[in-house]
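A.B. asks: predicted model and sequence follow; I will ask about them next.
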Amino acid sequence: MSTTAVAHAHAGHPPTTTGLDHRKIAIWAFIGSECMLFASLISTYLIYKGRSVTGPFPHEWWCRATKATSAAGPIAGCPAGELFKPILNIPVTSQSTFVLLMSSLAMVLALAAVENNDKPGWAGPGWGGRLLESSKLWLLTTAILGAGFLCYQAYEFTSFIHEGLTIKTNLFGSSFFTLTGFHGAHVTAGVLWLLTLLAIDIKRGLGPRDALLVDISALYWHFVDVVWIAIFTLVYLIR
Amino acid sequence: MAHEPAHHGAPETVASAEAHVAGGEVHEHPTWHTYKWVALILTVITIVEVWVYYIPAFVASRIFVPALLTMSAVKFVIVVMFYMHLKYDHKLFRALFTGPLIIAMTTIIALMFLFAKLVIRTG
Amino acid sequence: MATTAAVPTYSGTSEHAETGLWSWLTTVDHKRIAALYLGTSLFWFLIGGIEATIIRAQLAFPNGKVVSAQVFNELFTMHGTTMIFLVVMPLSAAFFNLLIPLQIGARDVAFPRLNAFSYWVYLFGSIFLNVSWFIGSAPDGGWFGYTPLTTLAYSKNLNIDFWVLGLQILGVSSLAAGFNFITTIVNMRAPGMYFMRMPIFTWMAFIVQFLIVLAFPVITIALIFLQFDRFFGTNFYEIAQGGDPLLWQHLFWIFGHPEVYILILPAFGLVSEVLPTFSRKPLFGYPVMVYSGMLIAFLGFGVWAHHMFAVGMGPIADTVFGVTTMLIAIPTGVKIFNWIFTMWGGVLRFTTAMKFAITLVALFTVGGISGVMHASPPADLQQTDTYFIVAHFHYVLVAGSMMGLFAGVYYYFPKFTGRLLDETLGNWHFWLFFIGVNLTFFPMHFSGLYGMPRRIYRYDAGQGWELFNLLSSIGVAFQAVGTIIGFWNFWRSSKVGAIAGADPWGAPTLEWSIPSPPPDYNFATIPTVTSRYPLWDVKSPALTADVPPGVVDRGRGRTPPTIRIPTARELGIPMPNPSIKPLFAALFMTLMFASLIAIHKDKVQLAVALVIVFAGALTASLYAWLLTPLEDEH
């Protein structure tokens, strides 16, 4: 083997064993780990469901004076001002769920735009194609929808506190705020991540060689979304 | 395992080579139309979920919980398959996700049994 | 890739690129990080050992008066926490760091700076945990921290806060390392290094990383609940509010049982390297070793409640967990038999490493069998919370994990330092430690069956426990002297030990094909692997041609032969730049967690301010880290 050949063999990095990027394997391992994190939180919520000794309750009407609860509707004979509605606000949370689902759509479009950034016109003719080609637009949209979800959550948390449910009030409050708070913290980290990518995109433009950066953030973002799909059903809808 | 000859030079080269590999997959990735349909299905299922929540007879029925769990499982699976590209991506990623997911779900179910939460509703 | 490139002839040390404090603070080299892990964990082994010695001094005679009940509680809590989280796990991590890249033919781990971050988090977390001694509030709730004992109602001081926050910090270190090593093993194997050709140590390390990344999130959440209960008044473990202390026990053991395998599988891996080398035979039943490791890990997630038979979970749960626990004995027993058959008919060489390894095989079996005993719920009800249990887990952890890790230290010390450990001192270390371990822990089976409960700080005479306790305490003296001799050996041999060649033992795996200590780039040419034992493989002469057989130079204290090994720059190998940023990120993260202590002192605003400041500093250092490329552009 000639000297130059040796030098060449030494230069640079050997290709990865699987041909995949390290970071993508790491993010999937991380997502696997997060499954166990949310499994612990969700288990705790479900174990403590219906074990709170005081109200407010997620799905039941309750009467402070008589300590009676009812899943069916208002409790007869409860003094005025002592009767409380179930605390979960399904219409509002349905909207925030929709917002988060749509953010996932925006995220896949952002990734597609970045991956095809070197092929002008890939998304077809007309204004629709031009819209689909804008990675900045879709990154921004995803971040805004994520921030919108957080606004819904902030509204939900403050209204619960006004209605007398804090993290200290009962088991429902403790497990609910911790579970959804953890999810919200993940969304917050995701929004920061997306804004960072957007800043890089504005500064120097993201192209196919950066696709992996967007890909791993997208995987994280969709994972946070599927966790919410589970939470929405298990916490909000199932009584 | 195809090993290309060693890359010459900087990590930049490697990165772009890998991006190129990823670029090769792009053609297999779904297009805007797939993404649009997935979003539509997600929206429709969510609407159905919320709608049945407001039907007292359905809520009281035995299929309420299984129906909701199924609907949310469908949403979960299509996001993972299409938006997270697990349907198209390397099978290693599938293993890295489904393995832990199975352990996580089994743990939840075992805990539900241990805390007597998993009981079959009889009317 | 052609591998016939001339492997440089080497023996002796590589050219040290840099030494000095700054180079250690900024290092991202997996071998240096391994050395840091090794040194730090051995230091904590001494501290944990001192704690154990005081415990045994207190219990040597009835009505001991060495320490108070409170100090005794702190001692056994910190002894357990230290030995598990600050000794066995990081000592295993030292070997993960050193060996995974070397065994798979890689130049570093996948994320070198994340690797440095893991170490610094471990270091700062361990210091934070032990600072509690100096302010008189060392954790005192047992290493398992059962609620409600650890809730604010029963533990008003800072003790448990240090424990909770310390474990959170250490968990970050393990998780970060876990993702790093998974990626490294999947993605950085040399050409031809198929999964089923990986050395067993790397296999066990791979399995352990999955255990870590799946088990640690659960303890993280359990600790967050406890932390929130203590700091913010939530109700997770408040019985009056309907909370259930059993939730803690379940979550803790969902983590805690996989943790047991996190502690033992690396030692199993090391022994699986040592036994073939010194038996001059390939490992018996390699695929079965791999599959049994996987099976142990998988079943390890389904046995946790066997730690909780005494709480009365009902016949069905007891049966299920009893059966799964007994099932796990099958893959474990298979491993024991494979090791025995590896030695069977081999050309055995009884080096110190080999003695430690054989001891693991023998004594782990003792601990394993007592484990099968309390897999049976009725038997467990008799044994639970007695010294019988203490005997069991010390047989698997000290006579198992520590023996295996010491085997690894003796075996791999030449690869770390380029020098061999002294065999005479090693023999003293081994025999004294061996006698000490058995003398300490075997009598505990009897004191336990005679009814002596765990965690009592004194006992009355006349219950038949005196002799066994005295024997246990004498045993600790043997262990202590043995350990001191061993540490003296480590220190002295690292200065004046005999120079080891690349392959002093005639070992079969890839790490022995490169100089000791390896140059920063490890492999001048990434090797192509054609078998499980490339250095024993007549079909790969390229890898073995330049490896001198056996020890190059037995002379003590000689300076290593100065055969120059080319630097990475000369070979044109891009190396990651040193970076101080992981250290800063780790420091700010530790300080962020530590600031929460102020909440307990009713200085909530101060705590919030500090957390915000340190979280900001952490974020800034993370951005600085992530936006700096790992390497210079070429």
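C.D. replies: It's in. Numbers count the residues shown, from 1 in each chain, chains lettered A, B, ... in the order given.
A.B. asks: now residue C:174, nearest residue through space, not along the chain?
C.D. replies: Leaving aside its sequence neighbours, residue C:174 sits nearest to residue C:212 (C-beta to C-beta, 6 or more residues apart in numbering or on different chains; 5.1 Å). C-betas here are computed from N, CA, C, even on glycine.
A.B. asks: burial count for that neighbour?
C.D. replies: By the criterion of other C-beta atoms under 10 Å in any protein chain shown, residue C:212 has 25 neighbours.
A.B. asks: return the backbone torsion pair for it.
C.D. replies: phi -60, psi -50 (degrees, to the nearest 10).
A.B. asks: in contact with residue C:427, which residues?
C.D. replies: C:352, C:355 (C-beta atoms under 8 Å, 6 or more residues apart in numbering or on different chains).
A.B. asks: and if you look at the one 4 residues further on?
C.D. replies: Applying C-beta under 8 Å, 6+ apart to residue C:431 gives the contacts residue C:482.
A.B. asks: redo that, cut-off 10 Å
C.D. replies: Residue C:431 sits next to C:352, C:355, C:478, C:482, C:485 when contact means C-beta atoms under 10 Å, 6 or more residues apart in numbering or on different chains.
A.B. asks: so the first one makes contact with residue C:430?
C.D. replies: Yes: taking C-beta atoms under 10 Å as the definition, residue C:352 is a contact partner of residue C:430 at 5.4 Å.
A.B. asks: quick check: neighbours shared by those two?
C.D. replies: With C-beta under 10 Å, 6+ apart as the test, residue C:352 and residue C:430 both reach C:406-407, C:410, C:423, C:486.
A.B. asks: show me what the lengthiest helix in chain A is packed against.
C.D. replies: The single longest helix within chain A, with elements called by DSSP state H, is helix A:171-204. Packing partners of helix A:171-204 (3 or more C-beta pairs under 10 Å, 6 or more residues apart in numbering or on different chains; DSSP states H and E): helix A:22-48, helix A:90-115, helix A:135-162, helix A:211-231, helix C:200-232, helix C:604-626.
A.B. asks: at 8 Å what do you get?
C.D. replies: Here helix A:171-204 touches helix A:22-48, helix A:135-162, helix A:211-231, helix C:200-232, going by 3 or more C-beta pairs under 8 Å, 6 or more residues apart in numbering or on different chains; DSSP states H and E.
A.B. asks: and that helix, how far from the chain's centre?
C.D. replies: 7 Å (C-alpha atoms, centre = their mean, to the nearest Å).
A.B. asks: would you mind listing the buried residues in that helix?
C.D. replies: In terms of neighbour count (16 or more other C-beta atoms under 10 Å in any protein chain shown), helix A:171-204 has its buried residues at A:171-180, A:182-184, A:186-187, A:190-191, A:193-198, A:200-201.
A.B. asks: what's the angle from it to helix C:200-232?
C.D. replies: Per axes from the mean of the first three to the mean of the last three C-alpha atoms, to 10 degrees, the angle that helix A:171-204 makes with helix C:200-232 is 120 degrees.
A.B. asks: average pLDDT across helix A:171-204?
C.D. replies: For helix A:171-204, the mean pLDDT works out to 96.
A.B. asks: of the contacts of residue C:431 - the most surrounded one?
C.D. replies: Of all these, the highest neighbour tally under other C-beta under 10 Å goes to residue C:352, namely 26 neighbours.
A.B. asks: sorry, back to before: what's the closest of the helices and strands packed on helix A:171-204 to residue C:503?
C.D. replies: With distances scored as C-beta to C-beta, the stretch of the helices and strands packed on helix A:171-204 nearest to residue C:503 is helix C:200-232 (16.2 Å).
A.B. asks: quick one: the helix or strand just after that closest one to chain centroid distance?
C.D. replies: Beyond helix C:200-232 in the direction of the C-terminus, DSSP states H and E gives the next helix or strand as helix C:245-279. Helix C:245-279 sits 9 Å away from the centroid of its parent chain (C-alpha atoms, centre = their mean).
A.B. asks: so what pLDDT did residue 63 get?
C.D. replies: No chain in the question, so chain A it is. At residue A:63, pLDDT is 89.
A.B. asks: I was after chain C.
C.D. replies: With respect to pLDDT, residue C:63 has a value of 95.
A.B. asks: for it, helix, strand, or coil?
C.D. replies: Following DSSP: H, G, I helix; E, B strand; the rest coil, residue C:63 is assigned to coil.
A.B. asks: that one and residue B:59, how far apart?
C.D. replies: 65 Å (C-beta to C-beta, to the nearest Å).
A.B. asks: any idea of the angle the longest helix along chain B forms with helix A:211-231?
C.D. replies: If you go by DSSP H, chain B has its longest helix at helix B:91-114. Computed by the same axes, to 10 degrees, the angle separating helix B:91-114 from helix A:211-231 equals 20 degrees.
A.B. asks: can you name every helix or strand that helix B:91-114 contacts?
C.D. replies: Using 3+ C-beta pairs under 8 Å, 6+ apart, helix B:91-114 sits against helix A:22-48, helix C:200-232, helix C:245-279.
A.B. asks: restrict stretch C:238-258 to CA atoms and write it as PDB.
C.D. replies: Taking C-alpha atoms only, stretch C:238-258 is exported to PDB below (Å, rounded to 0.1, in the frame of the first residue of the first chain):
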ATOM      1  CA  GLU C 238     -49.800  11.800  51.800                       C
ATOM      2  CA  ILE C 239     -51.900   9.100  53.300                       C
ATOM      3  CA  ALA C 240     -54.500  11.600  54.800                       C
ATOM      4  CA  GLN C 241     -55.100  12.800  51.300                       C
ATOM      5  CA  GLY C 242     -55.600   9.400  49.800                       C
ATOM      6  CA  GLY C 243     -52.000   9.100  48.700                       C
ATOM      7  CA  ASP C 244     -50.400   5.700  48.800                       C
ATOM      8  CA  PRO C 245     -46.900   5.000  50.100                       C
ATOM      9  CA  LEU C 246     -46.900   1.800  48.100                       C
ATOM     10  CA  LEU C 247     -46.800   3.900  44.900                       C
ATOM     11  CA  TRP C 248     -43.300   4.900  46.000                       C
ATOM     12  CA  GLN C 249     -42.300   1.300  46.600                       C
ATOM     13  CA  HIS C 250     -43.600   0.200  43.200                       C
ATOM     14  CA  LEU C 251     -41.900   3.000  41.300                       C
ATOM     15  CA  PHE C 252     -38.700   2.600  43.300                       C
ATOM     16  CA  TRP C 253     -38.500  -1.100  42.600                       C
ATOM     17  CA  ILE C 254     -39.500  -0.800  38.900                       C
ATOM     18  CA  PHE C 255     -36.300   1.200  38.800                       C
ATOM     19  CA  GLY C 256     -34.600  -0.800  41.600                       C
ATOM     20  CA  HIS C 257     -34.700  -4.200  40.200                       C
ATOM     21  CA  PRO C 258     -33.300  -3.400  36.700                       C
END
